[in-house]
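Student: Structure for the following, please:
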Amino acid sequence: MFFKKKDEPGKAEATQVNIGGVRVGIIGIDDALEAVKKLDLKTDREIGNALVELLRPNNYIPEAALDEYRADLARYYRIRMGLPVEKRAPVPGLLEIKVLGPGCSRCKQVFELVRDVVAEEGIAADLEYVDDIAEFANYGVLITPALLINGEVKLAGKAPTRNQLVAWLKEANS
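Tutor: This is a model prediction of the structure:
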């Protein structure tokens, strides 16, 4: 769902966010997420509206795509804040990656490793951190952290190496 892109020195850093199935570079999203978190908004509509208003000064958000931006920015917010996220249909050409874990530091490290590798390799992916133990059972996972790529359990109970992860992602992306 999101990727970090390092820009030239002196320029703002853009985060790639899946908006309507397309990766869009968003400047200042981390600051906007923190500002919205402090507002303690409850609905996705409120969250999406707040994010759009905070991001508009530094980002082009077309009027025709406002609803998609609101919905996908709210979804991105929920993922980043570790809140439940509704499942959506997979987008062709977009890897579905899930890191399963109850919120422990090792599970979060795996999530961060996956996020970094996806960004560095330029792989389009919908990345999600799942902390719902009941959902772990749906995948047959009994030990965490676990890594799923396109619904296939690649690893459970330990962290992948960077090289192992790159190989799996490239294989799944081909």
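
Student: Surely residue 24 touches residue 16?
Tutor: Yes - using CB atoms under 8 Å, residue 24 is in contact with residue 16, at 6.9 Å. No exception for glycine: its C-beta is placed from N, CA and C like everyone else's.

Student: for stretch 132-147, which positions count as buried?
Tutor: Across stretch 132-147, burial judged by 16 or more other CB atoms under 10 Å covers 136, 139, 141, 144, 145, 146, 147.

Student: Could you dump those residues into JSON lines with pLDDT, secondary structure and distance to residue 115 added?
Tutor: Below are the buried residues of stretch 132-147 laid out as JSON lines (pLDDT from 0 to 100; DSSP: H, G, I helix; E, B strand; the rest coil; distance: CB to CB, whole Å):
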{"residue": "136", "pLDDT": "85", "secondary structure": "helix", "distance to residue 115": "20"}
{"residue": "139", "pLDDT": "83", "secondary structure": "coil", "distance to residue 115": "20"}
{"residue": "141", "pLDDT": "89", "secondary structure": "coil", "distance to residue 115": "20"}
{"residue": "144", "pLDDT": "93", "secondary structure": "coil", "distance to residue 115": "17"}
{"residue": "145", "pLDDT": "95", "secondary structure": "coil", "distance to residue 115": "13"}
{"residue": "146", "pLDDT": "95", "secondary structure": "strand", "distance to residue 115": "16"}
{"residue": "147", "pLDDT": "95", "secondary structure": "strand", "distance to residue 115": "12"}
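
Student: Export those as TSV, with columns for distance to residue 73.
Tutor: Formatted as TSV, these follow (distance: CB to CB, whole Å):
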residue	distance to residue 73
136	28
139	28
141	29
144	28
145	27
146	28
147	26
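
Student: nearest to residue 128, of those?
Tutor: Closest approach to residue 128 among the buried residues of stretch 132-147 (CB to CB): residue 147, at 11.4 Å.

Student: could you list every residue that touches the closest one?
Tutor: For residue 147, the contact set (CB atoms under 8 Å, 6 or more residues apart in numbering) comprises 97, 98, 99, 100, 110, 114, 153, 154, 155, 156, 160, 165.

Student: ok, now with 6 Å
Tutor: 99, 154, 155 (CB atoms under 6 Å, 6 or more residues apart in numbering).
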